[in-house]
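Novice: predicted model, plus sequence, below.
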Amino acid sequence: MQATRERILNILKERGQATVQELSSTLDLTTVTIRHHLDTLRREKLVAAPEVLHRKAPGRPQHVYRLTEEASDFFPKRYETLTDMILAELREHLSEEEVENLMARIGKRIASEVRIPTGASFEERVVVAVEFMDLRGYMAHWERDDDGQYLVHVANCPYEGVARRHSEVCKIDHTLLTELLGPRLAELERIADPPHHCTYFIRLHNS
């Protein structure tokens, strides 16, 4: 990101809000230049539309600028570190079976968000499941092999870094797909291992 716009975002983050004049004074730039950068940040949905600053003293009204909720993603986060610590605590105080059951419950909770049409064929269920995973950042796709069995491929795990250190997290995705597609599900490859993607095989028949 352009350095000046990054500085504007940091100022708004620290102060909560600022006027064009305040930003101009802090950054030693003209108000025209500040407005140009703010317009760009608004188009990028990082800065909200200006709001009138109510003043007790007479004079022209000023406008204040604030960050949008989307701007939160711009700043550093340590979700992965927090997740690591939570999982470490769970491992210390719960049995392996209890941790796995907890992951399964999370997978079921996520699966409950998926709406599969009544009477949908199995292939339609696969399509809905893969589209749902795509929306959550999995970069998923499916195919049928020569025997007519289904394969679901996942190129990106949203919590890959955590899964590398805590393999029990993979139970979430396995349960998610099991809930949506049925119990005959086998994981052929894990994203934490080469070639760094997951493939789920759905057995439709007993053979």
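Specialist: That came through fine.

Novice: can you tell me the strand partners of the helix or strand bottoming out on mean pLDDT in the chain and which way each runs?
Specialist: Within the chain, confidence by mean pLDDT, DSSP states H and E is lowest for strand 185-189 among all helices and strands, at a mean of 73. Using DSSP bridges, strand 185-189 pairs in its sheet with strand 198-202 (antiparallel).

Novice: mind listing what's buried in the partner strand?
Specialist: For strand 198-202, the neighbour count (16 or more other Cβ atoms under 10 Å) marks 198-200, 202 as buried. For every residue, glycine as well, the C-beta is placed using N, CA and C.

Novice: cool, and stretch 140-157?
Specialist: Buried positions in stretch 140-157, judged by neighbour count with 16+ other Cβ under 10 Å: 140, 142, 150, 152-154, 156-157.

Novice: redo those residues as JSON lines? Include pLDDT and distance to residue 27.
Specialist: Below are the buried residues of stretch 140-157 laid out as JSON lines (pLDDT from 0 to 100; distance: Cβ to Cβ, whole Å):
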{"residue": "140", "pLDDT": "93", "distance to residue 27": "44"}
{"residue": "142", "pLDDT": "94", "distance to residue 27": "51"}
{"residue": "150", "pLDDT": "91", "distance to residue 27": "56"}
{"residue": "152", "pLDDT": "92", "distance to residue 27": "50"}
{"residue": "153", "pLDDT": "91", "distance to residue 27": "48"}
{"residue": "154", "pLDDT": "91", "distance to residue 27": "44"}
{"residue": "156", "pLDDT": "89", "distance to residue 27": "38"}
{"residue": "157", "pLDDT": "86", "distance to residue 27": "40"}
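
Novice: no further questions, thank you.
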